[in-house]
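**Student:** Build me a model from this:
(one chain, ligands or ions: 2)
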Amino acid sequence: MTEAPARHYIDGHEISGGRLVNLIDRAEELKAGRPNEGSSALTGKSVALIFEKPSTRTRISFEVGVAELGGHPVILRGDELQLSRGESVEDTARVLSRFVSAIVIRSGSHQNVGTLAENATVPVVNALTPEFHPCQALADLLTLKQRFGTLNGLKLAYVGDGNNVARSLAVAGARTGVEVVVAAPHGYQLETEVPAILTDDPVEAVRGADAVYGDVWVSMGDEETAEQRRADLASYRIDGHLLSHAKHETIVMHCLPAHPGEEITAEVLYGDRSAVWDQAENRLHAQKALLEYLLGS
Ligand code: CP
Ligand code: NVA
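**Tutor:** Ligands and ions are numbered 1, 2, ... in the order given. Modelled structure (predicted):
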């Protein structure tokens with residue numbers, strides 16, 4: 001029986017492991033063919049890109065990606081929609097669906113993204129909520145595949161705050177054969193239902209890991225507890241000492257933006273093991289493959 005295509009990409013559970021692997025293969029093709037061998041999957045189509053929070057990589061990669069697929073990106077800040085003046089999420093979904101072929105949204109409310117998807121008649125893509133960041137994880141799979149030639153059997157150690165990025169890596173990793181270990185202190189760990197190995201010991205986590213992954217200690221929306229977070233996470237910094245417990249060939253990943261000297265040292269971020277700039281670029285290729293897939297081309 002052929003698998004029904006996913007309608008949305010919101011918490012990462014919508015797309016099976018097999019499909020994810022196909023998407024990564026397609027992203028590699030799109031990357032290799034750029035800029036000359038374009039895809040016209042979005043010709044004549046518009047995509048709404050709604051950003052209720054700041055973004056550099058996600059916003060630019062989606063805008064460039066939609067354009068490179070032949071489509072028209074409609075970029076909207078949350079505060080310029082009537083949504084910010086009380087129009088309901090449901091009505092916003094109904095109206096946007098009359099204009100555009102897909103909606104990409106970064107929101108402070110995961111629930112609102114779900115409501116948007118329930119009421120939209122076009123695909124909805126989560127461009128980051130406090131709970132999930134599936135597009136980041138998709139691009140990270142592409143980076144891992146390109147670095148190691150395969151996904152199945154890899155081990156990724158995430159060190160730091162058990163946040164949206166960690167959760168999405170766990171979901172994407174479990175579907176594609178990547179073992180994800182999350183090292184976080186008490187109070188910052190992911191819920192036990194997440195398909196990852198949970199520990200509070202960063203040294204134990206990085207042993208045997210192919211990739212060591214970090215993210216900020218203060219995510220968007222966590223600013224009020226910033227000082228406490230920096231104190232609680234201080235021993236979860238990715239530095240040369242931690243990496244001395246990893247393999248010689250272990251790569252370092254970070255979704256960016258980074259705070260060199262805080263969750264990762266500058267030496268590591270800008271050093272030979274760092275894959276972070278490829279990760280940033282890969283957002284473009286992975287999201288183009290995702291849009292092609294969701295829009296049925
Ligand atoms: N990694 C990431 O999502 O970056 P932006 O917040 O700049 O989009
Ligand atoms: N965890 C971070 C990721 C930023 C891309 C945040 O939510 O702010």
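**Student:** Would you mind listing what in this structure touches ligand 2?
**Tutor:** 128, 163-165, 215-216, 219-220, 255 (Cβ under 6 Å from any ligand atom). Backbone N, C-alpha and C define where each C-beta goes, glycine included.
**Student:** Now do the helix or strand hosting N282: which elements does it pack against?
**Tutor:** Assigned by DSSP states H and E, N282 belongs to helix 276-294. Helix 276-294 sits against helix 17-33, helix 57-68, strand 124-126, helix 134-148, strand 251-254, with contacts defined as 3 or more Cβ pairs under 8 Å, 6 or more residues apart in numbering; DSSP states H and E.
**Student:** Now do the fourth one against helix 57-68, angle only.
**Tutor:** Taking axes from the mean of the first three to the mean of the last three Cα atoms, to 10 degrees, helix 134-148 and helix 57-68 form an angle of 80 degrees between their directions.
**Student:** Pull the number of nearby residues for the residue lying closest to H110 once chain neighbours are set aside.
**Tutor:** For H110, ignoring the flanking residues on the chain, the nearest one in space by Cβ to Cβ, 6 or more residues apart in numbering is T129 at 3.9 Å. Using other Cβ atoms under 10 Å, the number of residues around T129 comes to 25.
**Student:** residues contacting M220?
**Tutor:** 53-54, 108, 128, 130 (Cβ atoms under 8 Å, 6 or more residues apart in numbering).
**Student:** Let's see that with 6 Å instead.
**Tutor:** K53 (Cβ atoms under 6 Å, 6 or more residues apart in numbering).
**Student:** quick one: low-confidence parts of the stretch 101-250 of the chain?
**Tutor:** For the stretch 101-250 of the chain, no stretch is flagged by pLDDT under 70.
**Student:** In it, mark out all the strands, start to finish.
**Tutor:** Remark: strands assigned in the stretch 101-250 of the chain by DSSP state E, counting those that start in this stretch are 102-106, 124-126, 155-159, 179-183, 197-199, 211-214.
**Student:** ok, and what's touching the fifth one?
**Tutor:** In other words, strand 197-199. For strand 197-199, contacts defined as Cβ under 6 Å, 6+ apart pick out 181-183, 189, 205.
**Student:** ok, the residue sitting nearest the centre point of the chain - contacts?
**Tutor:** Nearest to the mean C-alpha position of the chain, counting by Cα atoms, centre = their mean, stands Q136 at 1.6 Å. Residues near Q136 by Cβ under 6 Å, 6+ apart: 165, 255.
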